[in-house]
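S.K.: How does the following fold in three dimensions:
(one chain, ligands or ions: 1)
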Amino acid sequence: MPADLAALTAAVEAGDRAAAAELTRGALEAGEDPERVLGAMTAAMDAVGRRFQDGEIFVPEMLISARAMKAGTAVLEPALVAAGVVPEFTAVVGTVEGDLHDIGKNLVGMMWRGAGFEVVDLGVNVPAARFAEAAAGRGAHIVGLSALLTTTMPGMRAAVEAVRAASPGTRVVIGGAPTTPEFAAQIGADGHAPDAGAAVDLARRLLAR
Ligand code: B1M
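M.R.: Numbers count the residues shown, from 1 in each chain. All right, here's what the predicted structure looks like:
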């Protein structure tokens, strides 16, 4: 029986965890290419990101879809490893030093995972040097910095400078409620994303070869 990849896309978009896992398992059992199965879920997250940006859905729906994708990818992972499919890009994300807000940062990480990136999440209250260390150590293509407090925004400048010094080729993007594109430009970041959906578009644009 042919795999129902359209149903898998719909299940992830609807945030149906059980269906996402089951349809992924069914697709693999039907002999579907693991990369195409991943593509079906990524397509769902692209749609979710667009709907979030357009104000049609909100954070809870985005989180629910991301969790459904996680359920599908947990089933898919062994097949991807066996097929030698490796993520094209590695991203490091974290909330800057002094800042404990992590919901937006987690969304960005989930959306980047949904876009097929390998994501290294450093958590919250991350010193500049730790971003630099992780970017260099993991050979990251992009680093995402989050800040929710005006008082922790200066930590973004320090992190951009530290990453630039340690790995000059790595892109650095920022986001979080008090940040702006102007602030990103001032501190020498490569870009600013107002939300997690836009962070996917921005990363893809910056990393396009
Ligand atoms: Co705090 N807090 N908080 N807080 N908190 C805010 C941010 C605040 C605006 C509330 C207010 O006063 N109206 C205010 C900041 C004022 C300012 O500086 N401008 C504030 C304050 C003052 C504080 C404390 C100082 C309070 C105190 O203790 N006196 C304290 C600081 C602690 C610290 O960090 N050191 C504090 C603590 C906390 C909690 C721990 C209780 C909790 C955080 C829990 C957690 O994250 N696990 C908390 C919360 C929940 C909030 C609010 C209510 C909600 C934040 C949130 O999660 N939003 C917030 C008020 C608000 O925003 N309405 C507030 C949902 C989330 C999805 O949105 O994180 O903005 P957000 O992410 C968005 C975008 O910003 C963007 O994408 C997401 C959407 O897709 N984005 C990125 C975020 N990071 C990105 C990175 C990117 C790209 C996009 O690229 C890398």
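
S.K.: burial count for Arg164?
M.R.: 17 (other CB atoms under 10 Å). Yep, even glycine has a C-beta here, placed from its N, CA and C like the rest.

S.K.: just Arg17 next, same as before
M.R.: Arg17 has 19 neighbours, counted by other CB under 10 Å.

S.K.: what about the helices in this structure?
M.R.: Along the chain, counting by DSSP state H, helices occupy 5-14, 17-29, 34-53, 59-82, 103-114, 128-138, 154-166, 181-186, 196-207.

S.K.: Nearest spatial neighbour of Thr150, chain-adjacent residues omitted?
M.R.: The spatially closest residue to Thr150, leaving aside those adjacent along the chain, is Pro178, at 4.9 Å (CB to CB, 6 or more residues apart in numbering).

S.K.: how close does the one you found get to the ligand?
M.R.: 5 Å (CB to the nearest ligand atom, to the nearest Å).

S.K.: Flag every residue of the protein that's near the ligand.
M.R.: Contact residues, the chain versus the ligand (CB under 6 Å from any ligand atom): 59, 98-105, 107-108, 144-146, 148-151, 173-178, 193, 195-196, 199.

S.K.: Of the residues you listed, keep whichever come out buried.
M.R.: Among these, those scoring as buried are 98-99, 101-102, 104-105, 107-108, 144-146, 148-149, 173-176, 193, 195-196, 199 (criterion: 16 or more other CB atoms under 10 Å).

S.K.: among those, which are in strands?
M.R.: Among these, the members falling in strands (DSSP state E) are Gly144, Leu145, Ser146, Val173, Ile174, Gly175.

S.K.: Mind picking the two most distant members of those?
M.R.: Farthest pair in those (CB to CB) is Ser146 and Val173. Separation: 9.9 Å.

S.K.: Find the residues that touch each one of those two.
M.R.: Counting by CB atoms under 8 Å, 6 or more residues apart in numbering, no residue touches both Ser146 and Val173.

S.K.: Where does the prediction get shaky in the chain?
M.R.: By pLDDT under 70, the weakly predicted segments of the chain are 1-2, 209.

S.K.: Which segments of it make up each domain?
M.R.: As recorded under automatic domain parsing, the domains making up the chain are 3-82, 90-208.

S.K.: Now find how far off-centre the last one is within its chain.
M.R.: Mean-position distance between domain 90-208 and its chain equals 10 Å (CA atoms, centre = their mean, to the nearest Å).

S.K.: What is the end-to-end distance of that domain?
M.R.: Start to finish, the residues bounding domain 90-208 are 14 Å apart (CA to CA, to the nearest Å).

S.K.: next one: the first one
M.R.: Criterion CA to CA; first-to-last residue distance in domain 3-82 is 19 Å.
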